[in-house]
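Engineer: sharing a model prediction with you, sequence too.
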Amino acid sequence: MTLSHSMLAMEIVAPGGPDVLKPCSVPVPMPAHGQIVIRVAYAGVNRPDALQRAGAYAPPPDASPLPGLECSGTVVECGPGVTRWKIGDKVCALLPGGGYAEYAVTHEAHALPVPEGLSLREAACLPETCFTVWSNLVMRGKLKAGQKLLVHGGTSGIGTTAIQIAKALGARVFATAGSEEKCQVCKDLGVEQAWNYRDRDWSHLMAQAGGADVILDMVGGAYIQRNIKALANDGRLVQIAFLQGAKAEVNFAEVMTRRLTITGSTLRPQSEAAKAEIAAQVEAQVWPMIARGALRVVMDSEYPLPDAPQAHWRIEAPGHIGKIVLKVEE
Ligand SMILES: NC(=O)c1ccc[n+]([C@@H]2O[C@H](COP(=O)([O-])OP(=O)(O)OC[C@H]3O[C@@H](n4cnc5c(N)ncnc54)[C@H](OP(=O)(O)O)[C@@H]3O)[C@@H](O)[C@H]2O)c1
């Protein structure tokens, strides 16, 4: 297939607010060994895109400088050594960057088939959240059936996915969110108790409920000490972001006396092989949850690609619930 040489994309012209995202014309990416080129139908919008735009999350040196960590679409070119995919296959894929564009390139092992019964729009919302949640809750946090999970930001893209995956694993789930409406959304997804963090002492309430075996936290700052209090003995705190800062005063005595583990990870800088291993586990364990209706995409809103700035205003404001996507071409 002959692709056009240039494509529409949204670039970050300078670090700053949402309006630094501007349309541009750039070369269509070429696939290296083991890579595929995807004609993007939809691109997922994630909070790390907003951090990158603000200059607080630099892409790895070999990644596209364009934002966009996930997409769905059609394979239009296969690089040398690609064995799994052929031109015309419908996929959704984790990207090292470059999703806010008409074409994106990624390693073939980081692409997964569009789950049966899901639209391309929904499929675009899966890779970044499913990979992040599975690798942090299960591979790192060792969450098991019957254990208690506390998810902060329960109505975020990450939170709605974490609640459903944990429920599907047979865990008991608790959540925090910033309003009563959001707490109700968490309950509708199956959490036992959802606490409005603006007026409830979730740390005390979680400890009263027996303590969490795993906490998935994106807040950091003063939450770190409160998370330690909310953990059960042998509990695991898994840190995936620091919306309130990465520095805190913490009493580590409880880490020792109650055998706690503090860990965390970021997905993007991990090796190709590590992401391929996560992809394999997500396909084997999470895709069947989607097939049996235990995991659905909680969708907030859709914007055309050139309206990426509006999508960023939306994700950075407190109003959204679930995932935001950019429509590129279906
Ligand atoms: N480590 C990784 O690899 C990785 C990958 C993807 C995403 N992330 C991180 O995961 C987080 C969620 O990402 P997303 O794309 O799903 O973004 P998102 O939908 O914008 O989620 C951000 C969430 O943070 C919540 N929040 C803010 N302050 C809070 C507080 N004090 N207590 C409890 N919740 C609070 C917000 O809840 P309210 O609106 O209810 O206030 C909101 O739901 C982001 O911080 C992102 O950077 C990390």
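Structural biologist: Here it is on my side, so go on. Residues are numbered from 1 along each chain as shown.

Engineer: just give me how far stretch 253-268 sits from the chain centre.
Structural biologist: Averaging C-alpha positions (Cα atoms, centre = their mean, to the nearest Å) puts stretch 253-268 21 Å from its chain's average.

Engineer: let's test this: mean pLDDT of it, rounded?
Structural biologist: With pLDDT averaged residue by residue, stretch 253-268 scores 97.

Engineer: got a list of contacts for it?
Structural biologist: Contacts with stretch 253-268, where a contact means Cβ atoms under 8 Å, 6 or more residues apart in numbering, come from 48, 59-60, 63, 69, 94, 96-97, 128, 131-132, 135-136, 140-141, 228-229, 231, 233-240, 275, 278. Bear in mind the C-beta positions are built from the backbone N, C-alpha and C, glycine included.

Engineer: could you dump it to CSV, C-alpha only?
Structural biologist: Once non-C-alpha atoms are left out, stretch 253-268 reads as follows in CSV (Å, rounded to 0.1, in the frame of the first residue of the first chain):
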residue,chain,number,x,y,z
ALA,A,253,8.1,2.7,61.3
GLU,A,254,4.8,1.1,60.2
VAL,A,255,6.4,0.0,56.9
MET,A,256,8.7,-2.1,59.1
THR,A,257,6.4,-3.2,61.9
ARG,A,258,3.4,-4.0,59.7
ARG,A,259,5.5,-5.4,56.8
LEU,A,260,4.2,-2.9,54.2
THR,A,261,5.5,-2.5,50.6
ILE,A,262,5.7,0.8,48.8
THR,A,263,6.1,0.4,45.1
GLY,A,264,5.0,1.9,41.8
SER,A,265,5.8,2.3,38.1
THR,A,266,5.4,4.3,34.9
LEU,A,267,4.5,2.5,31.8
ARG,A,268,6.0,4.6,29.0
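
Engineer: what residues of it count as buried?
Structural biologist: Glu254, Val255, Leu260, Ile262, Gly264, Leu267, Arg268 (16 or more other Cβ atoms under 10 Å).

Engineer: where exactly do the strands run in the stretch 51-200 of the chain?
Structural biologist: Secondary structure of the stretch 51-200 of the chain by DSSP state E, counting those that start in this stretch: the strands cover 70-78, 90-94, 103-107, 111-113, 148-151, 172-177, 193-196.

Engineer: compute the inter-axis angle for the longest one and strand 90-94.
Structural biologist: I take that to be strand 70-78. Taking axes from the mean of the first three to the mean of the last three Cα atoms, to 10 degrees, one finds strand 70-78 and strand 90-94 inclined to each other by 120 degrees.

Engineer: neighbouring strands of strand 70-78 in the sheet, and parallel or not?
Structural biologist: Applying DSSP bridges to the sheet, strand 70-78 is found paired with strand 35-45 (antiparallel), strand 90-94 (antiparallel).

Engineer: for the ones you listed, give me JSON lines that also has mean neighbour count.
Structural biologist: Output for the strands paired with strand 70-78, formatted as JSON lines (neighbours: other Cβ atoms under 10 Å):
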{"stretch": "strand 35-45", "mean neighbour count": "27"}
{"stretch": "strand 90-94", "mean neighbour count": "24"}
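
Engineer: out of those strands, which comes closest to His107?
Structural biologist: Among these, the nearest to His107 by Cβ to Cβ is strand 35-45 (5.6 Å).

Engineer: give me the distance from that closest one to the chain's centre.
Structural biologist: 16 Å.

Engineer: now stretch 284-293
Structural biologist: Centroid separation for stretch 284-293 versus its chain: 17 Å, with Cα atoms, centre = their mean.

Engineer: can you check stretch 284-302 too?
Structural biologist: Between the centre of stretch 284-302 and the centre of its chain there are 13 Å (Cα atoms, centre = their mean).

Engineer: how about Ala311, secondary structure?
Structural biologist: What DSSP: H, G, I helix; E, B strand; the rest coil gives for Ala311 is helix.
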